[in-house]
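Colleague: Need a 3D model of the sequence below.
(one chain, ligands or ions: 1)
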Amino acid sequence: MSQTATNPASAADGFNPNANHAETAPAFFSAWDIHAYYGESYIVQGVSFNIHEGEILALLGRNGAGKTSTLRALARLDSPSVTHGEIWLDHKHLHTMTSYEAAVEGIALVPEDRRIIPGLTVEENLQLAQIVEPVGWSLDRLYDLFPRLRERRKQEGITLSGGEQQMLAIARALARDIKVLLLDEPYEGLAPVIVDEIEKTLRIIKEQGITTVLVEQNAVRALNLADRAVILDTGQVVYDGSAKEVLENDALRAEYLAI
Ligand SMILES: Nc1ncnc2c1ncn2[C@@H]1O[C@H](COP(=O)(O)OP(=O)(O)OP(=O)(O)O)[C@@H](O)[C@H]1O
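Modeller: Numbers count the residues shown, from 1 in each chain. Below is the predicted model of the structure:
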């Protein structure tokens, strides 16, 4: 059955669920000409990119460039509201789905504020993510990836350090059966040694075939980890290419990343 049957989004508001880009899509995960608004504010202004399965894409740009808004649009959250464009994941059209449906298809957004649930232990936060199918990594596998979480599994999640909370937020995403991990500033406020630890786990997650979109202010770190980079400026893509090229291109970095 078509996913459009139960979804409020339709061709009438700029989506075209019948456009069969799935047939020709060169990539596993694609955004095609996404436009999104907060009320009257036009923020995401025609963003397109393709990501191959298992790639890490660094989504970069100055403050206010529209990175978080783009991630939220990809996760199909209500705000910003996407008025035009298509989002394809593994031949399924996410642009006609609600955020819940997109999550079931395998999109996981780890927001900047991590959203650890107060009053629940580390383990309960993970178990809660597994109440509904499709379930992803087992608790044992998650604890092998994040040994600190195993040590603290009985501790209330919100009492963890910032780095541990970030680990819990990523573990909670993997507790579901996901295909794409959308990470919003995972390194923010963390000591370099903790960033090293999280970076190591992101490499392991990549080895498992999960595709990652990484929004990060620490652009050099993100570029060293990523295969590819997309740079946004005022809601538009101004660069789409290899991460290495951005690292090596002083002019590009100075113009759009101020580094
Ligand atoms: N809820 C909102 N309502 C109205 N405008 C918003 C809202 N959230 C973000 N914006 C505006 O959208 C623009 C893009 O914001 P966004 O958070 O996507 O940028 P960003 O690239 O992630 O920035 P940063 O690196 O500072 O987090 C900014 O001008 C911001 O003020």
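Colleague: Now do the helices in the stretch 1-150 of the chain.
Modeller: Assigned by DSSP state H, counting those that start in this stretch, the helices in the stretch 1-150 of the chain fall at 21-24, 67-74, 99-105, 122-129, 139-145, 147-151.
Colleague: Contacts made by the last one with the rest, please.
Modeller: By that I understand helix 147-151. Applying C-beta atoms under 8 Å, 6 or more residues apart in numbering, the contact partners of helix 147-151 are V122, L126, L142, Y143, D144, E164, M167, L168, A171. Using the backbone N, CA and C atoms, a C-beta is placed for each residue, glycine as well.
Colleague: average pLDDT across it?
Modeller: When pLDDT is averaged along helix 147-151, the result is 97.
Colleague: now swap in the shortest one and tell me
Modeller: When the per-residue pLDDT values of helix 21-24 are averaged, the result is 50.
Colleague: In this structure, where is pLDDT below threshold?
Modeller: Within the chain, the stretches with pLDDT under 70 are 1-26.
Colleague: how about the residues of it that lie near the ligand?
Modeller: Within the chain, the positions near the ligand by C-beta under 6 Å from any ligand atom are 38, 41, 43, 61, 63-69, 79, 217.
Colleague: let's see 5 Å
Modeller: The chain comes close to the ligand at residues Y38, S41, I43, N63, G64, A65, G66, K67, T68, S69, as judged by C-beta under 5 Å from any ligand atom.
Colleague: Filter the residues you listed down to the buried ones.
Modeller: Neighbour counting over the residues of the chain next to the ligand (16 or more other C-beta atoms under 10 Å) leaves I43, A65, G66, K67, T68, S69 as the buried ones.
Colleague: for the third one, what are its contacts?
Modeller: With contacts taken as C-beta under 8 Å, 6+ apart, G66 has the following neighbours: I43, V44, Q45, V47, L232, T234, G235.
Colleague: From these, which land in strands?
Modeller: In strands, defined here by DSSP state E, the members of the contacts of G66 are I43, V44, Q45, V47, L232.
Colleague: and which of the residues you listed is nearest to T201?
Modeller: L232 (25.7 Å; C-beta to C-beta).
Colleague: longest helix of the protein?
Modeller: helix 192-207 (DSSP state H).
Colleague: now what about that helix, what contacts it?
Modeller: Taking C-beta under 8 Å, 6+ apart as the rule, helix 192-207 contacts 54-56, 145-146, 161-163, 166-167, 170, 174, 181, 183, 186-187, 190, 212, 214, 218, 221, 225.
Colleague: Also stretch 29-45?
Modeller: 14, 21, 46-51, 53, 66, 69-70, 73-74, 79-90, 179-180, 211, 234-236.
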